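Novice: pasting the structure only:
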C-alpha cells in the first residue's frame, strides 16, 4: 500500500489557537484515493524542524504533503526549507509571475516586490496553480517519492489539491500497482459502544480479514469495516454476510438511511412531509438549534418554546400549576403536558419535550443530576421516557438532544 | 522550558472521518500552563506504532500525552501498548472497579466482564478518575518523565485533564524550577482582529520583552500578553502600563469583568438582578442554548420562543401579517415586534430577537445571505440593528448569537 505523511506547519496549530482541519481533509481525500496515511504530524514554523521532519518521514513514506508556511506574511519559510532539503537554489516561475500580475490587476490592487516573491520556488520543483489565491502549490518528484507543499488557508489548499494533485496521485498509484483498504460504514443510534461490542464482537474475533472499528460520539456510534482491496473479491460475500449479521444483531439501532442521525432524521421527515416542534427546558433551545443546523430544515421544523423557568412552562405552554406542584418540573407529567401542548399550539405532526436536571445543582435522591424526561407527542398519543445520564452538564444536554432524535426516529422507523 | 508531545491515536483521525479537536484543546491548555508543545502527531491504532512513537518522542520531551484507544472494544489497544512499552504486566485497579460498579448501578445497567476490562491498567501506572465516563485516564511517572493516556472522547479527556492532570503538571513544573511564559489575558467583544491590530500593534512593535498574541473566536478576540517568568519583576510596571494603554485604545470593546462574554454577561445580569428572554428565528434556539450553557443561568434566563417559520412568528409572538407581507421576516420591523412582544409576554427586563438568512438559500440582492437583524427590547425602548455576516451557515448562526450578547452587554455597560 502506498504510504503518505501529512505535515501541518504552524505554531498556531501547536498551541491550539487554530484547530487543524487541513490534515483531516487531506486524510479523507487520500483514503478515498486508496492511499494509507502513515503519519500525520503538526510542527512549529521553524526551518530546521521542517527539514528534519521531512527527512525523517521520507524514509518510510512514498508521499509527503505539507500545509502552511507559503503565505506572503510567513517569509516563505517552507519554500526555503524545501530548497535546503533538496540542496538546490530558487528560481522564478514564469507562469506564476504571470498569474500574480493578472490576480492583482483584476482586483485593481498594486503589485509589489513582496508579492513577486511568491513566484520563486526551488529549482527542482514545479508550481501547481492556485485559482483562489496567490501562493502556488509546490510539487517535487525525487527518487520515486512525491513531495507536495500547500498553503495553509483551507480553501487554497483544497483547490490546489483538487485541481492538480488528485490526477498526479492517481498516475503514481497506477504506476505502483498498489493495494489499499476499502471501507464500509454502518451508522447506529440509541446504543452505546459496549453494548454493540457485546452483540457483535464475536464477528470481529472470527474474521481476521475484516478490520472492525467503533467510532463513538454524542450523535451515535459508527461502525467501520475495512477490507484490503486485493482481498475484496475473495471477501466480498463475507463482507455482505457480516454486514447483514450486524444489521440483524443491532436491529432497531441501525440508521436505515446509512447517514448520521441528524441527516437521516431530516431526510426521513422531508420524505414523509412531516413537521416537528420542540418544547425545551434543560437544553434551553439546543434541540431547536440542532434541528436547524442543516440547510433545508425549514421544510420540517416549525419552531418551539424554550420553557426554562417554571413560570415559562405555565405562561408559554399552559402546564398546570398542580402538575408542577405535585410532580415537579422534571417529571413524566410535565414532559407529557409540554409535548402535547406544544404540538397542538404549533399544529405540527410531532413535538418533542425535554425537561431535566443538567447539573451541577438541583439533584435530589429521587431525582439525581442527569435525570431527564423526554416526551414525544403525535396525534395518536403522547408518551414520556425517563433517562439518567451523567454528572456533566454539557454531556447531559448533548445526550438529551440526540437521545430525543434517536427515540423519535426509531419509534417511526421500527414502530417501537 | 518544559516540553510536551501530544499523540492522538486513531485511524478515524488519520483518514479524516473525525476532525482532531483534542490536540488543539490540549495545546491550548498546556500553553496556558507555560508548557511548550514540541510535537503533535496523529498515529494509527496499531500497537507497534504506538510504542515506537512514544519511544521516539520520549527522547526529546518531558511530558507525553496520548488520546484515544482506551475504550472497552477490541480496537482500543493503548493500554496494552503502554504496558509493553514499560515492560510490565497489567493489574486491576480497585478504585476503578468500584467506580464502574457504581456507574452501572446508577444507570440500572448490567455490568459485564467487558466493562471490568476498563479497570485493568499497567502495573506501574496510576488510574486518573473519569467522572463522566467509564475509561480512567492512566498516569505513569518514570525517570522524571510524565506519561498520560486519556480517552479519545473529548468530554472525558477534558474532564480527566481538568480534574487530575493540571495539578500534577503544576507540581512537576514547580519541581523543575522551570522558566516559562506568564500570561495576562484581556477579553474583547464586538471588534475584529484586524481593527484591534490597527489600534494597538504599535505597542507590540515597541516592546520586545512582551509577547503579543491575538486569539480570535466566534465569542470575541482574546489578547494575550506574555512575559518570561524570570523577567516578570523587571517588566511588571511596563506590563501594567501597556495593559492600561490597550484598555484605553479599545475602550467600549473591553469586557470589564475580564472574562469571556458569556460568563461576563451572566455575572453582570445576576449582579443587577435582571432577567432575559429570547425570540429566535435563524438561530433556531441557539441563543437560548448558549444562555443556559453555564450553571446558574436560571437566575437570569426565563425562556423564549423559537419562531422559525412565518407561521410560528404569528402564532407564538403575534407578529403582524402586514409586517411580514410588507417588510419580510428578515427586517427591522419583524425584529422589533419579536423582541418587544417576547419581553412583554415573558415579563423579563430584556429580550433579544434574531431573524436572518443563515444560508445557503434565501438570499436576494437587497437581502444577501448573511443578513441578520438583531433586536433588543427593554421597558424604555426597542431597537434593531442590521448585520451582514458571511456566506457560511454555521458562521452566521454563531456570529448572530455572540453579536447579540455583545450588543446588549455593551449597551448596558457603556451606555452605547
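Specialist: Received the coordinates, thanks. The structure presented is a predicted model; accordingly, all values stated were derived computationally and were not measured.

Novice: Please make it C-alpha for all contacts and neighbour counts, starting now.
Specialist: Noted.

Novice: which is the next helix or strand following the lowest-mean-pLDDT helix or strand in chain A?
Specialist: Counting by mean pLDDT, DSSP states H and E, the weakest-scoring helix or strand in chain A turns out to be helix A:113-116, with a mean of 80. Sequence order places strand A:120-122 as the next helix or strand after helix A:113-116, per DSSP states H and E.

Novice: who's in contact with that next one?
Specialist: Strand A:120-122 is contacted by residues A:79, A:80, A:82, A:83, A:88, A:89, A:90, A:91, A:92, A:93, A:127, A:138 when judged by CA atoms under 8 Å, 6 or more residues apart in numbering or on different chains.

Novice: Could you turn the buried ones of those into a PyMOL selection?
Specialist: In PyMOL, this line selects whichever of the contacts of strand A:120-122 come out buried by 16 or more other CA atoms under 10 Å in any protein chain shown:
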select buried, chain A and resi 79+80+82+83+90+93+127+138
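
Novice: Among the contacts of strand A:120-122, which lie within helices?
Specialist: Residues of these located in helices (DSSP state H): A:79, A:80, A:82, A:83.

Novice: and those residues as JSON lines, adding distance to residue A:43?
Specialist: Converted to JSON lines, the ones in helices among the contacts of strand A:120-122 look like this (distance: CA to CA, whole Å):
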{"residue": "A:79", "distance to residue A:43": "15"}
{"residue": "A:80", "distance to residue A:43": "16"}
{"residue": "A:82", "distance to residue A:43": "15"}
{"residue": "A:83", "distance to residue A:43": "18"}
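
Novice: Also near chain B: which of the residues you listed, exactly?
Specialist: Among the ones in helices among the contacts of strand A:120-122, no residue lies close to chain B (CA under 8 Å from any CA of the partner chain).

Novice: between the residues you listed, which is nearest residue A:60?
Specialist: residue A:82 (18.2 Å; CA to CA).

Novice: how far away is the closest one from chain B?
Specialist: The span separating residue A:82 from chain B equals 20 Å under the rule CA to the nearest CA, to the nearest Å.

Novice: what do you get for residue A:260?
Specialist: Noted for residue A:260: a distance of 12 Å to chain B, by CA to the nearest CA.

Novice: now do residue A:145
Specialist: 20 Å.

Novice: Quick check: closest non-adjacent residue to that residue.
Specialist: residue A:62 (4.9 Å; CA to CA, 6 or more residues apart in numbering or on different chains).

Novice: before we move on, the earlier item: can you add pLDDT and give the contacts of strand A:120-122 back as JSON lines?
Specialist: Below are the contacts of strand A:120-122 laid out as JSON lines (pLDDT from 0 to 100):
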{"residue": "A:79", "pLDDT": "92"}
{"residue": "A:80", "pLDDT": "91"}
{"residue": "A:82", "pLDDT": "95"}
{"residue": "A:83", "pLDDT": "95"}
{"residue": "A:88", "pLDDT": "96"}
{"residue": "A:89", "pLDDT": "95"}
{"residue": "A:90", "pLDDT": "93"}
{"residue": "A:91", "pLDDT": "94"}
{"residue": "A:92", "pLDDT": "93"}
{"residue": "A:93", "pLDDT": "94"}
{"residue": "A:127", "pLDDT": "96"}
{"residue": "A:138", "pLDDT": "97"}
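
Novice: Buried by neighbour count: which residues of the least confident helix or strand of chain A qualify?
Specialist: Residues of helix A:113-116 classed as buried: A:115, A:116 (neighbour count, 16+ other CA under 10 Å).

Novice: packing partners for it?
Specialist: helix A:94-106 (3 or more CA pairs under 8 Å, 6 or more residues apart in numbering or on different chains; DSSP states H and E).

Novice: which parts of the helix it packs on are buried?
Specialist: Result for helix A:94-106 [16+ other CA under 10 Å]: buried residues A:96, A:97, A:99, A:100, A:101, A:103.

Novice: quick one: it to chain centroid distance?
Specialist: Relative to the centre of its chain, helix A:94-106 is centred 36 Å away, using CA atoms, centre = their mean, to the nearest Å.

Novice: Which single one of the ones in helices among the contacts of strand A:120-122 is nearest to chain B?
Specialist: Nearest to chain B, judged by CA to the nearest CA, of the ones in helices among the contacts of strand A:120-122 is residue A:82 at 19.9 Å.

Novice: and that closest one, what does it touch?
Specialist: Applying CA under 8 Å, 6+ apart, the residues contacting residue A:82 are A:51, A:122.

Novice: how far away is it from residue A:359?
Specialist: Residue A:82 sits 53 Å away from residue A:359, going by CA to CA, to the nearest Å.

Novice: same deal with residue A:412?
Specialist: As judged by CA to CA, residue A:412 and residue A:359 stand 31 Å apart.

Novice: For whichever residue of the stretch 201-350 of chain A sits closest to chain B, grab the count of nearby residues.
Specialist: Per CA to the nearest CA, the residue of the stretch 201-350 of chain A with the smallest distance to chain B is residue A:285, at 3.9 Å. The number of residues packed near residue A:285 is 35, by other CA atoms under 10 Å in any protein chain shown.

Novice: which non-adjacent residue is nearest it?
Specialist: With sequence-adjacent residues excluded and distances taken as CA to CA, 6+ apart, residue A:285 is closest to residue B:285, at 3.9 Å.

Novice: Take the buried residues of helix A:94-106 and lay them out in a markdown table including distance to residue A:350.
Specialist: Listed next are those as a markdown table, based on distance: CA to CA, whole Å:
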| residue | distance to residue A:350 |
| --- | --- |
| A:96 | 58 |
| A:97 | 60 |
| A:99 | 56 |
| A:100 | 56 |
| A:101 | 58 |
| A:103 | 53 |
